[in-house]
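*Asks:* give me a model of this one.
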Amino acid sequence: MARWQFALVIAAGLAVGAGSAVVYMRQGMAPAGGGWMGSKVTGSVDADAWTRARVAVSGLLALNRGQALYFVRKTDEAGRPLRENCRYRVAGGALPGRWWSVTVYAPDNFLPRNDDGALSFDATRVHPDAAGQWQAVAASHPVPGAVWVSTRRAGQFDLTLRIYNPTPAAQADFTTIALPSVTRIGCEGGQGA
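*Replies:* Presented below is the predicted three-dimensional model:
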């Protein structure tokens, strides 16, 4: 094999390897139900090299599965991307863990750069009704009387749900968890889609 052929094979291998790594690190999660994505191996000793790389790139500091389960949501109930100029109702019921939180992340996988002091909400802030159902609002401005999480300066954002000290059943099969809904209420400036 000539040197140029050898170099071409090496370059092609590097391109395919790097491309597959980028695709996997950006996706790498499976449907968990209701528009949420989760990983059965994040935080597990079973995590492969691609999963570990995705965790390193995304900045998610994954605890082991007995300590936390992680879910990401990038779309509303209609499948539209979550955007800072829209308001969303995040609603659910009891989650199978000792504690949970929902946090807004900007497209760069960091918290939005705003000083609202409201980039997440958790089990201690919501007030379940008699049926055990709770709700919060994700919006760029506070909503009077609502539990609010700020999306200001978040662009096309995602929500990360963490369930801490999950039950053994939840650890075994996260698709059985009734995850919160994310419903668009409306958008600023009359923009619909």
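*Asks:* next, name the residue at the spatial heart of the protein.
*Replies:* Val72 (1.9 Å; CA atoms, centre = their mean).
*Asks:* mind pulling up the pLDDT for that one?
*Replies:* pLDDT recorded at Val72 is 95.
*Asks:* for my notes, confirm it occurs in a strand.
*Replies:* Yes - counting by DSSP: H, G, I helix; E, B strand; the rest coil, Val72 is part of a strand.
*Asks:* that one touches Met29, doesn't it?
*Replies:* Yes - contact criterion CB atoms under 8 Å: Val72 and Met29 qualify, at 6.4 Å. C-beta coordinates here come from the backbone N, C-alpha and C atoms, glycine included.
*Asks:* anything in contact with each of those two?
*Replies:* 37-38 (CB atoms under 8 Å, 6 or more residues apart in numbering).
*Asks:* quick one: the helices in this protein, in order.
*Replies:* Using DSSP state H, the helices of the chain run over residues 3-26, 49-58, 168-172.
*Asks:* could you count how many residues lie near Asn114?
*Replies:* Using other CB atoms under 10 Å, Asn114 has 17 neighbouring residues.
*Asks:* pLDDT weak spots in this structure?
*Replies:* 6-7, 9, 11-28, 40-62, 190-193 (pLDDT under 70).
*Asks:* again, 80 this time
*Replies:* Applying pLDDT under 80 to the chain picks out residues 1-2, 4-29, 40-66, 189-193.
*Asks:* tell me where it has strands.
*Replies:* Using DSSP state E, the strands of the chain run over 30-33, 36-38, 68-73, 86-92, 99-105, 120-122, 134-139, 148-150, 158-164, 181-187.
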